[in-house]
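1. Here is a sequence together with a model predicted from it:
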Amino acid sequence: MKIATFNINNINKRLENLLAWLAQSEPDVVCLQEIKAEHRAFPMHAFRTLGYGAVWSGERSWNGVAILARNRDPVLTRSSLPGDPHDHQPRYIEAAVNGVLIASLYLPNGNPQPGPKFNYKLAWFERLITHAAELMRASIPVILAGDYNVVPTVQDIYQTQSLDGNALIQPESRQAFARLLAQGWTDALRRLHPEGPLWTFWDYKRERWSSDKGMRLDHLLLSPKLSQQLVDGGVDRWVRGQENASDHAPAWIKLDL
């Protein structure tokens, strides 16, 4: 079972890119973020032509998450992150696929910090940690995949001091991610590739892509049983180099189920 996470950064604007990658890579499950499309604008027909079913939660111009599954329809289990009934930003969706519970999440960016946006990021993270603990206690196979908007360690970003004030690398952000892992989740790509960069994001600004100044923001976390079935994984960097590309590249893993 091949599972990928991909911040597409506007699904309709980059639909051709996405369909080309799906046709070449053939993932069984794809977690998408920043679809930036309200519900009725989701291009379901295009995915059906490639054999994918989907569930999604979106809004016009901002945020939005989705889960695609090849040759089956994901069974929706949750369309929002619990813990705050007043938070209506579409950043979390959860579905069962082939006996595995899969979440696609888009954690808040948090910039500028300090301030309300950073506070929202940390509060959202606390809700995720609480929900993840409940999933862990259920002892079911779970994948928490998405754009976490967190650079976990210094190894996960190009050498720079220009981003020292960025919300992505603040101690509070990194500590929250570490607390999540401490519940027993496995950072799949780091398990497979413990050394060196695993960039998944290159900013459009200042020629970050051409100079390979990237960072690792997109993560796939596995519950204990699934971590034992992890056999392969990587980042499809070539996708970032295409015309009209997202500023993220797909990250993926393979599980021997």
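-> It's in.

2. Report the distance from stretch 134-143 to the chain centre.
-> Between the centre of stretch 134-143 and the centre of its chain there are 18 Å (C-alpha atoms, centre = their mean, to the nearest Å).

3. quick one: terminal-to-terminal distance for it?
-> Taking C-alpha to C-alpha, to the nearest Å, stretch 134-143 runs 13 Å from one end to the other.

4. same check, this time on stretch 179-197
-> With C-alpha to C-alpha as the measure, stretch 179-197 spans 22 Å from end to end.

5. now stretch 53-70
-> With C-alpha to C-alpha as the measure, stretch 53-70 spans 6 Å from end to end.

6. Report the buried residues of that stretch.
-> 53-59, 63-70 (16 or more other C-beta atoms under 10 Å). From N, CA and C alone the C-beta is placed, and that goes for glycine too.

7. Also stretch 224-242?
-> Neighbour counts over stretch 224-242 (16+ other C-beta under 10 Å) mark Leu226, Ser227, Leu230, Gly233, Val235, Asp236, Arg237, Val239, Arg240 as buried.

8. Just the ones of these in helices?
-> The helices, defined by DSSP state H, take in Leu226, Ser227 from the buried residues of stretch 224-242.

9. Could you give the separation of stretch 173-180 from the chain centroid?
-> For stretch 173-180, the separation from the chain centroid amounts to 16 Å (computed by C-alpha atoms, centre = their mean).

10. Compute the mean per-residue pLDDT across that stretch, please.
-> Stretch 173-180 carries an average pLDDT of 98.

11. Give me the residue at the spatial middle of the chain.
-> Closest to where the C-alpha atoms of the chain average out (C-alpha atoms, centre = their mean) is Gly146, at 1.2 Å.

12. Run through who's touching stretch 106-119.
-> 7, 33-34, 63-65, 89, 91-92, 120-122, 124-125, 128, 146-150, 165-168, 170, 172-173 (C-beta atoms under 8 Å, 6 or more residues apart in numbering).

13. ugh, wrong one, I meant stretch 146-161
-> Taking contacts as C-beta under 8 Å, 6+ apart, the residues outside stretch 146-161 that touch it are 5, 7, 31, 33-34, 65, 103-110, 121, 163, 167-169, 173-174, 176-178, 187, 190, 196-199, 212-219, 248.

14. mind listing what's buried in the lengthiest helix in the chain?
-> Counting residues, the longest helix found in the chain (DSSP H) is helix 116-137. By 16+ other C-beta under 10 Å, the buried positions in helix 116-137 come out as Phe118, Tyr120, Lys121, Leu122, Trp124, Phe125, Leu128, Ile129, His131, Ala132, Leu135, Met136.

15. For that helix, give the mean pLDDT please.
-> On average, helix 116-137 scores 98.

16. ok, then the element right after it?
-> For helix 116-137, the following helix or strand on the C-terminal side (DSSP states H and E) is strand 142-147.

17. Partner strands of that next one, with direction?
-> strand 100-106 (parallel), strand 218-222 (antiparallel) (DSSP bridges).

18. Any chance of the ones you listed in a markdown table with mean neighbour count as columns?
-> Output for these, formatted as a markdown table (neighbours: other C-beta atoms under 10 Å):
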| stretch | mean neighbour count |
| --- | --- |
| strand 100-106 | 24 |
| strand 218-222 | 26 |
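
19. Having no further points to raise, I will conclude here.
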